[in-house]
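J.: can you look at this prediction? I've put the sequence above it.
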Amino acid sequence: MYGLLRLVALAATFSSALAALQGFNYGAAFRSGAVKKQSDFRAEFTAARRLLDAPGDGFTSARLYTTIQGGTANDPISAIPAAIETQTALLLGLWCSAGDRIVDNEIQALKTAITQHGLNFTSLVAGISVGSEDLYRITETGIKNGENPGVGPQKIAAYIQLVRDALIGTPLAGTPIGHVDTWTAWVNGSNQAVIEASDWIGFDAYPYFQETQANAIANNKDLFEEALAKTKTAVGGKPIWITETGYPVSGQTVGMAIPSVENAKVYWDQVGCPRFGKENIWWYTFQDATPDTSKPSFGIIGGALTDVPVFNISCKGIHHS
Ligand SMILES: *[C@@H]1O[C@H](CO)[C@@H](O)[C@H](O)[C@H]1NC(C)=O
Ligand SMILES: *[C@@H]1O[C@H](CO)[C@@H](O)[C@H](O)[C@H]1NC(C)=O
Ligand SMILES: *[C@@H]1O[C@H](CO)[C@@H](O)[C@H](O)[C@H]1NC(C)=O
């Protein structure tokens, strides 16, 4: 009897430890450029949880790009109290492409949030990303796309160490720290220092943008799996978290990839559905954010808050190959 109870308890422990995070990316500002307030984040997190016919246990996690509230030097982002109100698991982000002083401010904002909210906050933190696509932005493609500035691998690795040091003695001391970048950055041997510094690898992939390849929607699943397989090989056993992927519902054709609601659903069904509830995944995106991210539009709900997605996201009747 005792043995059985112990086994049941053990199984419960394992299943909660294995429960994958399922969420969206959340920008800090609206399409208008207006900074989101606590009530705005609360409304978004609540709508994401209530999404009609959501697969699995629903979308209960939020990935952020910055920990600083817009318009302040180093106040914690108001997504944090909103996450506490709505019990939203957080993948925090520290913005690392604006110089050392801003990174210091990001760390200060994080420490202030720990002091202000204690365990109510820290118990929701699933991980911390030091930077977002900084390595991609210093490549030829990133520069050509006008996405500079970025930061090199040695600097990102040093920032990761800075964050680890800053968290010693706080409840977030053991939190898994990683970095988010495009898969092309992870398979680039020059970025090895960041892989070594990271506890987990944040993987961003958009076959839609892979215009030098045959990237028609019919081939998008294969392109995604190929990128993931190459990244797995490159990062030598470090856990991979899918931090961004998605397909636009509208916008311009890139190579052979034509944005449409139908194609966005195909991508969701083929790339998202087999993974929801099994692997950590933050889809891009819930609601279109700043002006430049609404064209193309990746928002599952478009640009206005609602809990009705633009296509059926249920994953029901989807056969995985
Ligand atoms: C944590 O949440 C509880 C319950 O809402 C609240 O009573 C307490 O004041 C909170 N603690 C902090 C440090 O905010
Ligand atoms: C590989 O990474 C290095 C360092 O981040 C970067 O300078 C270079 O442009 C990258 N190469 C490609 C082909 O992206
Ligand atoms: C989505 O599709 C599933 C499976 O066909 C169906 O059961 C469900 O009612 C659909 N949801 C909506 C909102 O149409």
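T.: The structure has been received and is ready for your questions. Ligands and ions are numbered 1, 2, ... in the order given.

J.: can you pull out the strands in the stretch 101-250 of the chain?
T.: Using DSSP state E, counting those that start in this stretch, the strands of the stretch 101-250 of the chain run over 125-132, 177-182, 200-205, 240-245.

J.: mean neighbour count, those strands: which tops it?
T.: Compared across these, strand 177-182 shows the largest average neighbour count, a mean of 27 (mean count of other C-beta atoms under 10 Å). For the C-beta atoms, the positions are set from N, CA and C on the backbone; glycine is no exception.

J.: sorry, back to before: in CSV: the strands of the stretch 101-250 of the chain, plus mean pLDDT and distance to ligand 2.
T.: Putting these into CSV (pLDDT from 0 to 100; distance: least, C-beta to the nearest ligand atom, whole Å) gives the following:
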stretch, mean pLDDT, distance to ligand 2
strand 125-132, 98, 12
strand 177-182, 98, 9
strand 200-205, 98, 14
strand 240-245, 98, 18
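
J.: got CSV for those, with distance to A89 too?
T.: CSV is the format used below for the strands of the stretch 101-250 of the chain (distance: least, C-beta to C-beta, whole Å):
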stretch, distance to A89
strand 125-132, 5
strand 177-182, 15
strand 200-205, 14
strand 240-245, 12
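
J.: nearest to ligand 3, of the ones you listed?
T.: Evaluated over the strands of the stretch 101-250 of the chain, closeness to ligand 3 peaks at strand 240-245, with 21.3 Å, by C-beta to the nearest ligand atom.

J.: which strands and helices lie in contact with the helix or strand just after the closest one?
T.: Using DSSP states H and E, the helix or strand that follows strand 240-245 in sequence is helix 261-267. Where contact means 3 or more C-beta pairs under 8 Å, 6 or more residues apart in numbering; DSSP states H and E, helix 261-267 is packed against helix 220-234.

J.: okay, the helix it packs on in PDB with CA atoms only?
T.: The C-alpha trace of helix 220-234 is given here as PDB (Å, rounded to 0.1, in the frame of the first residue of the first chain):
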ATOM      1  CA  ASN A 220       7.200  24.600 -44.100                       C
ATOM      2  CA  LYS A 221       6.900  21.600 -41.700                       C
ATOM      3  CA  ASP A 222       9.900  20.000 -43.300                       C
ATOM      4  CA  LEU A 223      11.900  23.200 -43.200                       C
ATOM      5  CA  PHE A 224      11.000  23.600 -39.500                       C
ATOM      6  CA  GLU A 225      12.000  20.000 -38.600                       C
ATOM      7  CA  GLU A 226      15.300  20.400 -40.500                       C
ATOM      8  CA  ALA A 227      16.200  23.600 -38.700                       C
ATOM      9  CA  LEU A 228      15.400  21.900 -35.300                       C
ATOM     10  CA  ALA A 229      17.400  18.800 -36.200                       C
ATOM     11  CA  LYS A 230      20.400  20.900 -37.200                       C
ATOM     12  CA  THR A 231      20.100  23.000 -34.000                       C
ATOM     13  CA  LYS A 232      19.900  19.800 -31.900                       C
ATOM     14  CA  THR A 233      23.200  18.600 -33.400                       C
ATOM     15  CA  ALA A 234      24.900  22.000 -32.900                       C
END
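
J.: just to revisit the earlier point, and the strands of the stretch 101-250 of the chain as TSV, adding distance to ligand 1?
T.: Compiled in TSV, the strands of the stretch 101-250 of the chain are given as follows (distance: least, C-beta to the nearest ligand atom, whole Å):
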stretch	distance to ligand 1
strand 125-132	15
strand 177-182	23
strand 200-205	28
strand 240-245	27
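
J.: quick one: name the residues of the stretch 51-200 of the chain near ligand 2.
T.: With C-beta under 6 Å from any ligand atom as the criterion, the stretch 51-200 of the chain meets ligand 2 at residues L135, I138, T139, E140, G152, P153, N188, S190, N191.

J.: so the fifth one touches L135, yeah?
T.: Yes: assessed by C-beta atoms under 8 Å, G152 is found in contact with L135 at 7.4 Å.

J.: so the two - more neighbours on which side?
T.: Using other C-beta atoms under 10 Å as the criterion, G152 and L135 rank with L135 on top: 26 against 15.

J.: neighbours of the residue nearest to D134 when sequence neighbours are not counted, how many?
T.: Nearest residue to D134, sequence neighbours excluded (C-beta to C-beta, 6 or more residues apart in numbering): V151, at 4.0 Å. For V151, the neighbour count with other C-beta under 10 Å is 21.

J.: just G277 next, same as before
T.: 17.

J.: from ligand 2, how far out is it?
T.: Per C-beta to the nearest ligand atom, to the nearest Å, G277 is found 33 Å from ligand 2.

J.: check A54 too.
T.: Distance of A54 to ligand 2, computed by C-beta to the nearest ligand atom: 36 Å.

J.: that residue against I313, yeah?
T.: Yes: between A54 and I313 there is a contact at 6.1 Å, judged by C-beta under 8 Å.

J.: overlap in contacts, the two.
T.: Overlap of the contact sets of A54 and I313 (by C-beta atoms under 8 Å, 6 or more residues apart in numbering) is empty.

J.: spit out the contact partners of S39.
T.: Shown in contact with S39 (C-beta under 8 Å, 6+ apart): A82.
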